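>>> Build me a model:
(2 chains)
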Amino acid sequence: NAGVTQTPKFQVLKTGQSMTLQCAQDMNHNSMYWYRQDPGMGLRLIYYSASEGTTDKGEVPNGYNVSRLNKREFSLRLESAAPSQTSVYFCASSITAGNTGELFFGEGSRLTVL
Amino acid sequence: KQEVTQIPAALSVPEGENLVLNCSFTDSAIYNLQWFRQDPGKGLTSLLLIQSSQREQTSGRLNASLDKSSGRSTLYIAASQPGDSATYLCAVRGLGETSGSRLTFGEGTQLTVNP
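Numbers count the residues shown, from 1 in each chain, chains lettered A, B, ... in the order given. Here you go, the predicted structure:
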């Protein structure tokens, strides 16, 4: 049982380039999330999808777009990467977005923007 | 706005010691609190989830307690082992989060257990 799988694990971009981070979960969860983790800032929510077909902004959505492709997959796109987007990105999922939802995380995607 | 604080930021103990990690939050109106473990270069692994109606949860050598009124949670690790070395994070889900989607994370306590 793979849980939450993210690709790629590492990526280096130049300023202005675009890329998509992929996330898939095999736990039949309804809700999926994208976080970024930065030293001194902790984990911050970028976007989430409470259920298939819906997406909403989190705390730091600027510069990102998301797509909930189907129940299993939730992608994060950087249209024009900036050095401030250098970070570790985590995808997570939960059974529902409700108040009892325990979160399960992927192993992260480490992005460097030069 | 909910704020979550974990003190100390780092802790080093000898193997076999019992230890307590602390998590405090500013808004006591929460749905639940979750403790995670993060190994270097890895994702977060869920350890324990405590609902607002619960006082504690146990899993093996781990015991997490919750005191909503004082805005505090503790993670107790019994008989620590070098394999427990990791960063431990707590996260709270607030009652004000109507979508139920948002957690507020602390920055974690980096634990080192020395052989």
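>>> how about the nearest residue to residue 56, chain neighbours excluded?
Defaulting to chain A. The spatially closest residue to A:D56, leaving aside those adjacent along the chain, is A:Y48, at 5.8 Å (C-beta to C-beta, 6 or more residues apart in numbering or on different chains). From N, CA and C alone the C-beta is placed, and that goes for glycine too.
>>> My question was about chain B, not that one.
The spatially closest residue to B:E56, leaving aside those adjacent along the chain, is B:S65, at 4.4 Å (C-beta to C-beta, 6+ apart).
>>> Pairing partners for the one you found in the sheet, please.
The residues paired with B:S65 through beta bridges, assigned by DSSP bridges, are B:E56, B:T74.
>>> Tell me where chain B has strands.
With DSSP state E as the definition, chain B shows strands at residue ranges B:4-5, B:10-14, B:19-25, B:30-38, B:44-51, B:56-59, B:62-67, B:72-77, B:86-94, B:103-105, B:109-114.
>>> residues of the last one that come out buried?
By neighbour count, and taking 16 or more other C-beta atoms under 10 Å in any protein chain shown as the criterion, the buried residues in strand B:109-114 are B:T109, B:Q110, B:L111, B:V113.
>>> among the residues you listed, which are within reach of chain A?
Subset of the buried residues of strand B:109-114 in contact with chain A: empty, counting by C-beta under 8 Å from any C-beta of the partner chain.
>>> would you list those residues in JSON lines and tack on pLDDT?
What follows is these, written out as JSON lines (pLDDT from 0 to 100):
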{"residue": "B:T109", "pLDDT": "97"}
{"residue": "B:Q110", "pLDDT": "96"}
{"residue": "B:L111", "pLDDT": "97"}
{"residue": "B:V113", "pLDDT": "97"}
